[in-house]
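S.K.: Mind looking at a prediction? Sequence and model below.
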Amino acid sequence: MKSKLIADAGSTNVEWSLLGSDGKVAQSFATDGLNALLSSQEAIESAFHKVHDMILTEYSVEEIYYYGAGCATSEICDKVKAALKTSWNDAECFVNSDLLAAARSLFGNKKGIACIIGTGSNSCLYDGTDIISQIPSLGYILGDEGSGAALGKRLVSDAFKEQLPENIKEDFLNEYKLSLPDILDHVYRKPAPNKFLASFVPFIAKNLWNPYIYSLVLKELTKFVKRNVAMYDGAHSLDISFTGSIAFHFDKILREAAASVGYKVTKITSSPMEGLIAYHSENL
């Protein structure tokens, strides 16, 4: 049976959906996160081989739409496309950024400002077909405002620079059993420091009752709006929508942050996949 395969690849996980010729979902599953910028060709190929073996055998994949973290240049997109071809040689492969996935998912064929706030953060101005303007993310060191990595970085920094309330600091250090040398080793020597920093978000979420923690999240999300959304021409007259785990779980604070800068949020979703399924079903 002929089918389309859609992948929404983030640093934390990759969501896969197989669409039958009728446009309905035949199979959905998730695999480990994959950032094409940070992964070797061999690692990407290996990940795709595993996915190939998971696909229902009665389906013949004719088209693959891969949207991925790190797919920011034509060279990286070509690397991913070549890796896909090692598993699906006869399929037509389309590789684009996770940002285009967000835009298509949130707006379909309409214009708007699409934003991602998950482990990392990003945004773009979308005209209903293409991304026409983008304030660069700059990654977890130089940018990624409001992201899980940014929130985790702020929490850790505040803990060891004696900014956190003492009871919150004690709870944090007791819960994760990490010393300062442990944290520095994870951040500066081990792989995926952005995922490590984002792993502290559950602690932040359950301590939102504390005014300091609430303010920390509000300030980070406000920073995202000011340094990204506000930079697009005509932003006040456009729909502004978000996708991603951080945007979804802190939706009320995100709306408060946007309102404080004079913006209204149209939509917030946890993941682009549902919107991508609708988009590609309509465009069979």
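M.R.: Nice, thanks for sending it over.
S.K.: And the strands in the stretch 151-284 of the chain?
M.R.: According to DSSP state E, counting those that start in this stretch, the stretch 151-284 of the chain carries its strands in the segments 240-243, 265-269.
S.K.: which stretch among the ones you listed comes nearest residue 20?
M.R.: With CB to CB, the closest approach to residue 20 among the strands of the stretch 151-284 of the chain belongs to strand 265-269: 23.5 Å. Just so you know, the C-beta spots here come from the backbone N, C-alpha and C atoms, and that holds for glycine as well.
S.K.: Ignoring the adjacent residues along the chain, who's closest to residue 255?
M.R.: residue 265 (5.1 Å; CB to CB, 6 or more residues apart in numbering).
S.K.: any idea how far that neighbour is from residue 106?
M.R.: Noted for residue 265: a distance of 11 Å to residue 106, by CB to CB, to the nearest Å.
S.K.: Looking at the two, which one has more neighbours?
M.R.: With neighbours defined as other CB atoms under 10 Å, residue 265 and residue 106 compare such that residue 106 has more, 26 against 20.
S.K.: Give me the most central residue, this structure.
M.R.: Centroid check for the chain by CA atoms, centre = their mean gives residue 118 as the closest residue, at 4.5 Å.
S.K.: Per-residue pLDDT of it, please?
M.R.: You'll see residue 118 listed with a pLDDT of 90.
S.K.: Low-confidence ranges, the stretch 101-250 of the chain, go.
M.R.: Across the stretch 101-250 of the chain, nothing is flagged by pLDDT under 70.
S.K.: which of the strands of the stretch 151-284 of the chain is buried the deepest?
M.R.: The highest mean neighbour count among the strands of the stretch 151-284 of the chain, using mean count of other CB atoms under 10 Å, belongs to strand 240-243: a mean of 25.
S.K.: sorry, back to before: overlap in contacts of residue 265 and residue 106?
M.R.: 241, 242 (CB atoms under 8 Å, 6 or more residues apart in numbering).
S.K.: The closest residue to residue 264 other than its chain neighbours: neighbouring residues, count only.
M.R.: In space, and not counting its chain neighbours, residue 264 is closest to residue 258: 6.7 Å by CB to CB, 6+ apart. Residues within reach of residue 258, counting by other CB under 10 Å, total 21.
S.K.: Distance-wise, check residue 258 relative to residue 117.
M.R.: 11 Å.
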